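Novice: Here is a sequence with its predicted model. Questions after.
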Amino acid sequence: MIVREHPSNLKLFFVMQGSVVPKIIGRIIGIVVLSMIVMLVDQYFFPLPHISIAAMGIFGVALSLFLGFRNNAAYDRWWEARKLWGGMIADVRNLGRHMSIFVDKSEDRAPIMSCAVAFAHLHRGFLRSVDVKTEIVDWVGAEKAEKMIAQKNPADSALRSMAEKIGALAEKDQINGFGQMTVSQTLSSLALAQAGCERIFTTPLPFVYSLLVRRTTYLYCWLLPFALIDATGWFTPIFAAVVAYVFFGLQAVTHELEHPFRNMQNGLPLDAMCRTIEISVSEALYRRPPEAMTATNHVLS
Amino acid sequence: MIVREHPSNLKLFFVMQGSVVPKIIGRIIGIVVLSMIVMLVDQYFFPLPHISIAAMGIFGVALSLFLGFRNNAAYDRWWEARKLWGGMIADVRNLGRHMSIFVDKSEDRAPIMSCAVAFAHLHRGFLRSVDVKTEIVDWVGAEKAEKMIAQKNPADSALRSMAEKIGALAEKDQINGFGQMTVSQTLSSLALAQAGCERIFTTPLPFVYSLLVRRTTYLYCWLLPFALIDATGWFTPIFAAVVAYVFFGLQAVTHELEHPFRNMQNGLPLDAMCRTIEISVSEALYRRPPEAMTATNHVLS
Amino acid sequence: MIVREHPSNLKLFFVMQGSVVPKIIGRIIGIVVLSMIVMLVDQYFFPLPHISIAAMGIFGVALSLFLGFRNNAAYDRWWEARKLWGGMIADVRNLGRHMSIFVDKSEDRAPIMSCAVAFAHLHRGFLRSVDVKTEIVDWVGAEKAEKMIAQKNPADSALRSMAEKIGALAEKDQINGFGQMTVSQTLSSLALAQAGCERIFTTPLPFVYSLLVRRTTYLYCWLLPFALIDATGWFTPIFAAVVAYVFFGLQAVTHELEHPFRNMQNGLPLDAMCRTIEISVSEALYRRPPEAMTATNHVLS
Amino acid sequence: MIVREHPSNLKLFFVMQGSVVPKIIGRIIGIVVLSMIVMLVDQYFFPLPHISIAAMGIFGVALSLFLGFRNNAAYDRWWEARKLWGGMIADVRNLGRHMSIFVDKSEDRAPIMSCAVAFAHLHRGFLRSVDVKTEIVDWVGAEKAEKMIAQKNPADSALRSMAEKIGALAEKDQINGFGQMTVSQTLSSLALAQAGCERIFTTPLPFVYSLLVRRTTYLYCWLLPFALIDATGWFTPIFAAVVAYVFFGLQAVTHELEHPFRNMQNGLPLDAMCRTIEISVSEALYRRPPEAMTATNHVLS
Amino acid sequence: MIVREHPSNLKLFFVMQGSVVPKIIGRIIGIVVLSMIVMLVDQYFFPLPHISIAAMGIFGVALSLFLGFRNNAAYDRWWEARKLWGGMIADVRNLGRHMSIFVDKSEDRAPIMSCAVAFAHLHRGFLRSVDVKTEIVDWVGAEKAEKMIAQKNPADSALRSMAEKIGALAEKDQINGFGQMTVSQTLSSLALAQAGCERIFTTPLPFVYSLLVRRTTYLYCWLLPFALIDATGWFTPIFAAVVAYVFFGLQAVTHELEHPFRNMQNGLPLDAMCRTIEISVSEALYRRPPEAMTATNHVLS
C-alpha cells in the first residue's frame, strides 16, 4: 500500500509510483495513433463516416454505469478486506485481555497468544501464497509450525490448537465456564474474519462482468475517434488520449483493488498488520515488542 | 463459477465461456437487421421519420437508471448469498472448536459434526433441487439420511438432530451449561444463514421490474435505428449492435446473478463449498480430509 | 407476490399480471392525446413555442435523480421487510431447538412453540389489518386467542406469554439459567424483527418526496411534447407514450414496493411465510406438518 | 410526520401541507422575474450573451451529483434515526419480558419499567429541547424526576437508575446472574441507541457541503435564463420556474430530513413513539394502557 | 467541526469559514485567466481549435463518476469515524452501569472508570498525534500515565489495565463470572472501535484514485475553455470559474473528509467527545462533572 501525502501540483503529473499509466500506456498510444490515422484519412484522402458525439454520449452513459458499478464493487471488496483484518487485530488484543481476566496463571497465557500470532501469519501465508514458516517458528516452535502448515487449512488448525489448549485448561480448572465461553466467542470472531478473507480471495467478481466491461471499453475507445473528428477538431488525439486514460485507467484500478491481498502497490499491507499483531501480543505478554514496519519508498508491504 | 485470470487482449474478444453473447446473439442480429432495413428504406425508397439522438439520450438515462438499479440489486443478492455460505463455513469450524472446548469425550464429537456436514449437503440439495443422499450416507448412515430427507425441511432437521444430541449430552453431564449455550448460538447462526439463503431462493426480484426493464430495453433498441441514421451514418448497424450488446448483455448478466444458487457458469460453487466444509470437519475430527475441488475447464461447480 | 419464470419474448408484451400498465394507462393515453394535439396545432394552425430537447435533458437528469432515489428507498424497504420475516422464521426454528436443548420435558415445549405460531399470525394480522383469530385458535385455544387479540399489541402479548411460561418453568427448575438466557435472547430477536416491521408499516417515505416526485413527473411529461415535435417528428406520440410509460411506471412500482406488507401482487407473501413457520413448529414438535402454500395463478399471497 | 394517503391527481397540485413550496416560493419568483427580464432585454433592447444549453447540461450533471449525494445522506440520517427509535421500542418491550423471566416478585418490576418510560421521555426532551417533567412525574415521582433532569445527561441517569435497582435486587438475591447479564445487555442496547441519536443530533452534515451545494444551486439558477432563451423560447419563465422548483425543492427537503428530531412536518413522531413505549410498559405491568396517538390534520407529532 | 445554522441568503456568498474557496482560489483564478487568453487569442489573433461542448459532456460524466465515488467514500469514512466514537461514548457509559450492577464496593469502581477516560484521551492522542499526558494525569496519576504513554499502543494498554483490575477483583471475589464476562464484552467493543479508528487513520483511500481524480480534474478544467468559447460566449470566464469551483471544490472537500481525525474545520470534534466521556464517567461516579465544550467562533475542536 502506498502511504504518502498528496503530491504538490507540479509533481502531480510526473508521479509514476502507484499510477496506472505504466500499465495502460500501450493502449493509450494505440488510441492516439488510431485517432491520428482517422483524422488524416478523413481530411486528406476520403471522407470517413462520422459518428455524432451525442451518440457517443449515450454509449458513454452506459459505459459509466458499468465502470461505476465495477469500481464500487472492487473498492467494497478492498475496504471489507481491510475491515476484516482490522477486526482480527482487535480480536487478538481482546484475547490478550481475556487471558488476564479469566486465566489465573500467567504461564498458561503465552502458548495461547503465540498461536494467535501463528494464526495471523498462516492466514497471511494463504492469502499471499507465501511460506511463513520462519515467521511462526519463533512463536510456536519448529515442530508445531510444520504440523500446522501440513494441514489443508493451516490458519484453522492454529485456531483449533488454541481451542484445545483452552479445553485442557478447563479440565485442570484453570479457566471457568465464563472464560471458556468468552474465549470461544473471540475465536469464532477470528474464524469469521478468516472465512470472510477466504471468500474475497476465492470468489472474484463474476467473470462475465470482466468480459462485458473490457469489451465495451475497447469498443468505445475504438469508435471514439470517428466522433471526435467533428467534435474536437485538431484536439482529437489529445482528447482521445485523455478519455482512454480515464476509462482504461479506471478499469486497471478496479482490477487491482479487486484482489486486495496481492502484494501490489495498491494491495493491503498484510505484513505490516501481522507485525501490529505481534506488537500487541508482545505487550500483552509483557515482552519487548518488535518495531512497527515503516514504509520503504512510500510503500508498506 | 468461472475461475480464470483475465484473458489477454487478443483472446478477450473470442472468449465465449462465461460470456452472455450466445444468449443474446439472436436479439443483436435482429437489431442489426432492423437498422439495415431502416437505413436502406430511408436512403433509397422513402424518408422515414427520424428521431433526434438527444431524445434517445433522455430515454437512455432513464434506461440506465433501471438497468443500474437491477444490476446492483442482482449483484447484492449474489454477494449476500456468498457471504451467507462463507458464514456457514466459519460456523461449522466454530462448532468443531466448541466440541474440543466443551465436550469432554472425543467419541461424542463425531456424531454432531457429521450432522453439520449433512446440514450443508441437505441445504445445497434444497437450493439446487438435487438429491444429496449419496453424499450424506457416508456421514450419518443410510437410515438417518432417509429420515432427514423425508422431512419438509431436511436441513432444519439436521440442525434439530444436533440439538437433540446436545440435549442428550447435557442430561449425561457431558457438556456444561456454557457449552450448551455456545453451541446453541452457533446452531442459531447456521439457521439464520439457512433462512437467508431460503429468502434469496424463494423471493426473486419483484416481477414488475422484470417486465418494466425488459420492455423498456426492447423499445429502446427498436427505436434506436431511427435515431442512428442521422447520428452515425454508415456506422449505424455496428453502433446499434454495440448498444444492443451493452443493454441486452447487462440484462442477461443480471438475470443470471439474480439466482446465485443455480448450477450455471456464473452461479456460486456450492459443491466446492460443501467440500470445504467436509475438509474442515475431517480435520477437526483428525480424519484424513478429502481433496479440495478444483476447477475443470475453468469452472467450479 | 408473483412467482413465475420470465415470460418468453413473444408473451412479454402481453403479460398484464404484475404489470403497472393497467394503473397508468389513463395517464399514458392523456400524454399521447396531448402530444397529438400539440403536433397538429403546431403543424396546421399556428406555431407553438418549441422546447429544445437538450433542455428536457437537463430536466430529465434531475427527474432521474428523484426517481432513482425513491426507487432505491422503496426497494430497500421491501427487501428489509423480507429480511425481517426471514429472520423471524429462523428465530422460531431456533426456539424449537432451544426447547430440545434446555427444556427437559417434552410436554412443556408445545405450549411455548404454539405461542410462537400465534405470534407470527398476530403480527401478520397487524401488518395486513386482517382478523387472524381462526388461525390461532387451533394453536392456543379460543380463550387465550381472544385475550391476546384484545391487547393493544397482540403480537407483543404472545411474546410476553412465552416469557411467562419460561418464568414458570424456571420456578419449577425445568429450565436452567442458560436456557432462560438463550430463550430470552431469541425472544428479543423476534421482538426486534417485529419492531422493524412496525417501523416500515407506520413510517412511509417522507410525504414531501411524494409531492416533489409526482409533481415533477407530471410537469415533465406535459412539457415533453413541446420538445418532441422538433426532436422526433411523427414519432412524437409513440415516443411520448414510451417515456410516460417509463416514468409513470417507475413511480407506480415504487408506490407498491413502499408498502411491502399489503396484500398486493408485488407485496410479500405473509400467508405463505406464516405457513412455513407452522411447518417448522410442527416438525419441531414431531407433529404432522401442514402442506406448504403454493402459488395460485402465479401469485403467492 | 405527515401520515396520509397519496392525494388524487386533481388535489396533487394544490396540497400545500408538507410541501416545500411555501419555503422556496420567493426564490422561484425571483428566478421567474430574472428570466423575464433577460428575455425582454435580449429581444427588445440589446442582445445578451447566450449560454449553450449543453453547457448547462455539464453543470447540471455536477449539480445533480451534489444534490443526489446530499439527499441520500440526509435521508440515511432520517431513516437511521427512525431505526434507532424502533430499536428502543423493542428494547423496552424486551426489558418487560426479562422482568417476567428473571425477576421473581412482580412488585420489583414496576420501578424498573417506569424508569424505562422516563428514559424515553428524557431522551426525547434532549432531542427536541423540550421540558418533559410533567410526562415523567406520573411514572417516577416528582422528586426523582427533578433529580434526573438536573443531571447533565438526564436519559443516561435514568438508565443508571435502572442499573442500580438491578444491583440492589442482586444483593437481595431477587435476580440471578443470568438475569443481571441479560438486563445489562438490554440496557447497553438502549444506551447505544441513545448515543446514536445524540450523534445524529450533534453532528450535522459537514458545513462545507451546505455552502458548496447552496452556492452552486444559486449560480446554476441565475445562469439558467441565459441558456433557456435559446432553448425554450417563450416557455423560458415556466421552464426556469420548474427547474428552480426541482433544485431548490430538493435542497429544502434535504435540509428538513437532515434534522430528523425537530418538531417539523417531516420530522419523526417522537411523541407518538414515546406513547407507544408507555403502552408497551403498561401492558407489561398489566395496567390499563393509554390511547395511542392519532394524527391531527394528517400530522403525527 | 463547524457548528452553525445555515447562513441567510445574503451572507451565504461571503462566508469564508468552512468554505473551500481559500484553498482553491489560486486554481480558479488560473482557469479564469486561461479562458480569457483563449477567448482573446481566438477572437483577435488567430482561430484556435474548438472543442464541442458535447464532447466535454462525455468527459464530464466520467469525471462526475470519479468525483462522486470519491466523495461517497470519503464521507463514509468520516461518518463511520463518528459512529465509532459515538459507540465508544455508549460503551464507556455501559461500563459505568456494569460497575453498579456487578461490582459490590463502590471504591473499586473508580479506578476502572478512570482508565476508561484515559483510554479515550490516549486514543485521541494517537489519532491527532498530540500529547495527552496532562489530561490523563488527573485521572490515573502521573506514574501510570507515563507508563501507559511509553507503550507502543497506549490506548490498548489502558484497556489492558482495566482487564487486569477486573482480574484482580475476580480473585478477591468482588465480581462474579457474569460480571467478568459482561465487562469483558464491553472492553472488546471498545477495542473494536479503537481498531476501526486505527484502520481509518492508517489506511487512506487508495493512492491511485488521488492521482487519477486529480489529474483528470486538471485536464478537464484546462480543456474546458476551448469548449466554452463556442458554448457560452462572453460568459466564458464566469462559467469556467463556476465549473472549476464545483470540481476543485468537491475535490478539496473530499480530501478533508478523508482524514476525519485531523484538527481541521471539517474534522471530528475529538476534544469535545472526550469531554463528553469525562462528564459521563463523573456522573457515574457521583462526582461533579466538568462543563461540556462549546463552539468558539462556530468551531468545536
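Specialist: Arrived safely.
Novice: anything in the helix or strand harbouring residue A:279 near chain E?
Specialist: Applying DSSP states H and E as the criterion places residue A:279 in helix A:270-284. Yes. Using C-beta under 8 Å from any C-beta of the partner chain, helix A:270-284 reaches chain E at A:279-280, A:283-284. C-beta: built from backbone N, CA, C; applies to glycine.
Novice: between these, which is nearest residue E:129?
Specialist: Nearest to residue E:129 among the residues of helix A:270-284 next to chain E: residue A:279, at 18.2 Å, using C-beta to C-beta.
Novice: Next, the contact list for that closest one, please.
Specialist: The contact partners of residue A:279, by C-beta atoms under 8 Å, 6 or more residues apart in numbering or on different chains, come to A:289-290, A:292, E:152-153.
Novice: ok, now how distant is it from chain D?
Specialist: The gap separating residue A:279 from chain D is 30 Å, by C-beta to the nearest C-beta, to the nearest Å.
Novice: In terms of pLDDT, where does that residue sit?
Specialist: At residue A:279, the pLDDT value in this model is 96.
Novice: do the same with residue A:157
Specialist: Reported pLDDT at residue A:157 in the predicted model: 95.
Novice: Now the helix holding residue A:279: buried residues?
Specialist: A:270-284 (16 or more other C-beta atoms under 10 Å in any protein chain shown).
Novice: before we move on, back to that, quickly check the contacts of residue A:279 for the two that are furthest apart.
Specialist: A:290 and E:153, at 12.9 Å, using C-beta to C-beta across those.
Novice: Does the residue nearest to residue A:154 when sequence neighbours are not counted belong to a helix, a strand or coil?
Specialist: Among residues not flanking residue A:154 along the chain, residue A:122 sits closest, at 4.1 Å (C-beta to C-beta, 6 or more residues apart in numbering or on different chains). Following DSSP: H, G, I helix; E, B strand; the rest coil, we place residue A:122 in the helix state.
Novice: Report pLDDT for residue A:122.
Specialist: pLDDT, residue A:122: 97.
Novice: and it, how far is that from chain D?
Specialist: Look at residue A:122 and chain D: by C-beta to the nearest C-beta, they are 34 Å apart.
Novice: what's near enough to touch the closest residue to residue A:267 other than its chain neighbours?
Specialist: Once flanking residues are discounted, residue A:267 sits nearest to residue A:260: 6.0 Å by C-beta to C-beta, 6+ apart. Contact partners of residue A:260, counting by C-beta under 8 Å, 6+ apart, are A:77-78, A:81-82, A:200, A:267-268.
Novice: check which helix or strand covers the residue nearest the centre of chain A.
Specialist: Nearest residue to the geometric centre of chain A (C-alpha atoms, centre = their mean): residue A:260, 1.4 Å. According to DSSP H and E, residue A:260 maps onto no helix or strand at all.
Novice: Can you give me the neighbour number for the closest residue to residue A:50 other than its chain neighbours?
Specialist: Spatially, and ignoring its direct neighbours in sequence, residue A:50 is nearest to residue A:230 (5.2 Å; C-beta to C-beta, 6+ apart). Residue A:230 has 16 neighbours, counted by other C-beta atoms under 10 Å in any protein chain shown.
Novice: I'd like the distance between residue A:230 and chain B.
Specialist: As judged by C-beta to the nearest C-beta, residue A:230 and chain B stand 11 Å apart.
Novice: ok, that residue to residue A:16 distance?
Specialist: 34 Å (C-beta to C-beta, to the nearest Å).
Novice: how many other residues sit next to residue A:228?
Specialist: Neighbour tally, residue A:228, other C-beta under 10 Å: 28.
Novice: Which residues are in contact with it?
Specialist: A:35, A:53, A:235-236, A:239-240, E:55.
Novice: Which ones among the residues you listed lie within strands?
Specialist: Using DSSP state E, no member of the contacts of residue A:228 falls in strands.
Novice: which two in these are spaced the farthest apart?
Specialist: Checking the contacts of residue A:228 against each other with C-beta to C-beta, the farthest-apart pair comes out as A:35 and A:53, at 13.7 Å.
Novice: Chain E contacts on the stretch 1-150 of chain A?
Specialist: A:1-4, A:6, A:12-13, A:15, A:18-20, A:53-54, A:56-57, A:60-61, A:64, A:67-68, A:71-72, A:75, A:78, A:82-83, A:86-87, A:89-90, A:93-94, A:96-98, A:100-102, A:104.
Novice: Those: which ones sit near chain B?
Specialist: Within these, those near chain B by C-beta under 8 Å from any C-beta are A:54, A:57, A:61, A:68.
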